[in-house]
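1. Quick one: sequence plus predicted model below, questions after.
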Amino acid sequence: MTQFRLRMAVTLKPEVLDPAGQATQQVVHERGFPEVSELRIGKVVDIAMHAHSAEDALAKARRLGNEFLANPVLERFEVWVQSDET
């Protein structure tokens, strides 16, 4: 088996209000960045796992996202392989 490093970005669905993002956007505007038209806050999860292939690692990471790391009612996630190490 090979060790894979994956990264998962978990964000609120577009239709879900993001009070933290709105508050941060307001501060960003006040600090001189009025061109920022939208700012949403999410989380990044770094995962290292052993798997037979990159496809296997992605499938396992998607299962982690669906079952543990993201709330499917409010959030969506995207996962990708960063690099693999032998």
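-> Happy to help now that I have it.
2. For this structure, which segments count as helices?
-> Across the chain, reading from the start of the chain, the helices by DSSP state H fall at 19-30, 54-64.
3. Out of those helices, flag the one nearest W80.
-> W80 sits nearest to helix 54-64 of all those, at 7.7 Å, using Cβ to Cβ. C-beta: built from backbone N, CA, C; applies to glycine.
4. looking at the chain, which helix or strand is least sure?
-> Taking mean pLDDT, DSSP states H and E as the measure, the helices and strands of the chain show their lowest mean at strand 75-85, namely a mean of 85.
5. Adjacent strands (with direction) for that strand?
-> Using DSSP bridges, the strands paired with strand 75-85 in its sheet are strand 2-12 (antiparallel).
6. Could you give the separation of the partner strand from the chain centroid?
-> Going by Cα atoms, centre = their mean, to the nearest Å, the spacing between the C-alpha centre of strand 2-12 and its chain's C-alpha centre is 7 Å.
7. do the same with stretch 7-22
-> On the basis of Cα atoms, centre = their mean, stretch 7-22 is displaced by 9 Å from the centre of the chain it belongs to.
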